[in-house]
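Colleague: this is the structure alone, sequence omitted:
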């Protein structure tokens, strides 16, 4: 089979498509034919070395496909099942082995490419809006990269929970898109004073929660955009790592809350994983949640997919189709 591997850290050019032995399922595992694998910022962090992996390594945490072999002890999955997963390294491949308990069944009415597009980003948007900060009708949320893969799902799920959404985007096209998805206000955060814009849209009060996936370039402004006892949810770092923070700053700015969540901790059990995934699948099958695939790439185009993602010019999901 063919699989993406890299032998050293660096830019997209270090990614290679190589011949590899077909995996065999160990106890509790499945071998899955990968129909679609999601391309995510965490993959670029692992490739660059920001999130170190033992090298050489495969890449890709998320995908969907068809079960081709079932390992010993697996009773709840069988050959031919359509499954999806969000946290199994090596998904950039024609075949991959996956822990059976870390998969979810993909229901009829949800295509495999949409399931793959939903898993990591959709699960992230779900836990951010329903658990990290449980949005309600009295809340106002600031959402960065609102036209991106997680952002556009965040906007939709936040609106479904009744929240008011201030969406941050960078182009005319992206502004039009997030307004279509339900954003109440749009802030061109690279062109204006973000804090002043937030204060203007909130009668000087600030937002209840800021969902910040940008990191270094926006962190300080995100804190200043909160009202007293507001929460900054830092869930990404597309612009780079945030510098260390003296906790006294949170006190001085109004008894603020700061969290750096991880998807793993919100889907730590099979029940939690299935609950979140099935909630998303149900919304998609009922056409109540729009999942946009920006582009589909062949495995050999993996380096270009990473370049596109890191350029900041994509809107929606990037997929590899091995």
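Modeller: Thanks, I have the structure now. Bear in mind that the values here come from a model prediction, so they are computed numbers and not experimental data.
Colleague: mind splitting the chain into its structural domains?
Modeller: For the chain, automatic domain parsing gives the domain ranges 2-119+266-320, 137-260.
Colleague: what is the end-to-end distance of the first one?
Modeller: When you say that, I think you mean domain 2-119+266-320. With Cα to Cα, to the nearest Å as the measure, domain 2-119+266-320 spans 13 Å from end to end.
Colleague: again with the last one
Modeller: The first and final residues of domain 137-260 sit 24 Å from each other (Cα to Cα).
Colleague: residue 125: which of the domains of the chain is closest?
Modeller: domain 137-260 (3.8 Å; Cβ to Cβ). Where you see a C-beta, it was placed from the backbone N, CA and C, and this is true even at glycine.
Colleague: if we can go back for a sec, between the domains of the chain, which gets nearest to residue 128?
Modeller: Nearest of the domains of the chain (Cβ to Cβ): domain 137-260, 5.9 Å.
Colleague: where does that closest one sit relative to the chain's centre, distance-wise?
Modeller: From the chain centre to the centre of domain 137-260 is a distance of 16 Å (Cα atoms, centre = their mean, to the nearest Å).
Colleague: same deal with stretch 250-263?
Modeller: In terms of Cα atoms, centre = their mean, the centre of stretch 250-263 is set 21 Å apart from its chain centre.
Colleague: show residues contacting that stretch.
Modeller: When contacts are defined by Cβ atoms under 8 Å, 6 or more residues apart in numbering, stretch 250-263 is touched by residues 86-87, 120, 123-124, 127-128, 132, 223-224, 226-235, 245.
Colleague: on that earlier part again, turn the domains of the chain into JSON lines, including mean pLDDT and mean neighbour count.
Modeller: Output for those, formatted as JSON lines (pLDDT from 0 to 100; neighbours: other Cβ atoms under 10 Å):
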{"stretch": "domain 2-119+266-320", "mean pLDDT": "95", "mean neighbour count": "19"}
{"stretch": "domain 137-260", "mean pLDDT": "95", "mean neighbour count": "19"}
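Colleague: before we move on, the earlier item: which of the contacts of stretch 250-263 fall within strands?
Modeller: 226, 227, 228, 229, 230, 231, 232, 233, 234 (DSSP state E).
Colleague: in terms of contact, does the first one touch residue 207 like I think?
Modeller: Translated: residue 226. Yes. Using Cβ atoms under 8 Å, residue 226 is in contact with residue 207, at 6.1 Å.
Colleague: what sits closest to residue 179 if chain neighbours are left out?
Modeller: Nearest residue to residue 179, sequence neighbours excluded (Cβ to Cβ, 6 or more residues apart in numbering): residue 186, at 6.1 Å.
Colleague: then residue 36?
Modeller: residue 116 is the one closest to residue 36 (Cβ to Cβ, 6+ apart), at 3.8 Å.
Colleague: what about the one you found, which helix or strand?
Modeller: helix 112-127 (DSSP states H and E).
Colleague: ok now that helix, how far from the chain's centre?
Modeller: Here the centre of helix 112-127 is set off from its chain's centre by 7 Å, with Cα atoms, centre = their mean.
Colleague: any idea which helix or strand comes after that helix?
Modeller: That would be, after helix 112-127 and using DSSP H and E, strand 140-143.
Colleague: orientation of the helix or strand following that following strand relative to helix 112-127 in degrees?
Modeller: The helix or strand immediately downstream of strand 140-143 is helix 149-160, counting by DSSP H and E. Between helix 149-160 and helix 112-127, the angle comes out at 60 degrees (axes from the mean of the first three to the mean of the last three Cα atoms, to 10 degrees).
Colleague: could you say what helices and strands helix 149-160 packs with?
Modeller: In terms of contacts (3 or more Cβ pairs under 8 Å, 6 or more residues apart in numbering; DSSP states H and E), helix 149-160 is packed against helix 112-127, strand 140-143, strand 164-169, helix 172-180.
Colleague: what comes into contact with it?
Modeller: Taking Cβ under 8 Å, 6+ apart as the rule, helix 149-160 contacts 40, 117, 121-122, 124-126, 128-130, 135, 141, 143-146, 165, 167, 177-178, 181-183, 211, 213, 235-236, 283, 288-292, 294, 314-318.
Colleague: okay, the residue nearest the centre of the chain: pLDDT?
Modeller: A centroid search over the chain (Cα atoms, centre = their mean) returns residue 121, at 2.7 Å, as the residue closest to the centre. Per-residue pLDDT puts residue 121 at 92.
Colleague: you'd agree it is up against residue 42?
Modeller: No. Look at residue 121 against residue 42 with Cβ under 8 Å: they stay out of range, at 10.4 Å.
Colleague: residue 96 belongs to a strand?
Modeller: Yes. Judged by DSSP: H, G, I helix; E, B strand; the rest coil, residue 96 forms part of a strand.
Colleague: I figured it hits residue 83, correct?
Modeller: No. If you go by Cβ under 8 Å, residue 96 and residue 83 don't touch, sitting 11.1 Å apart.
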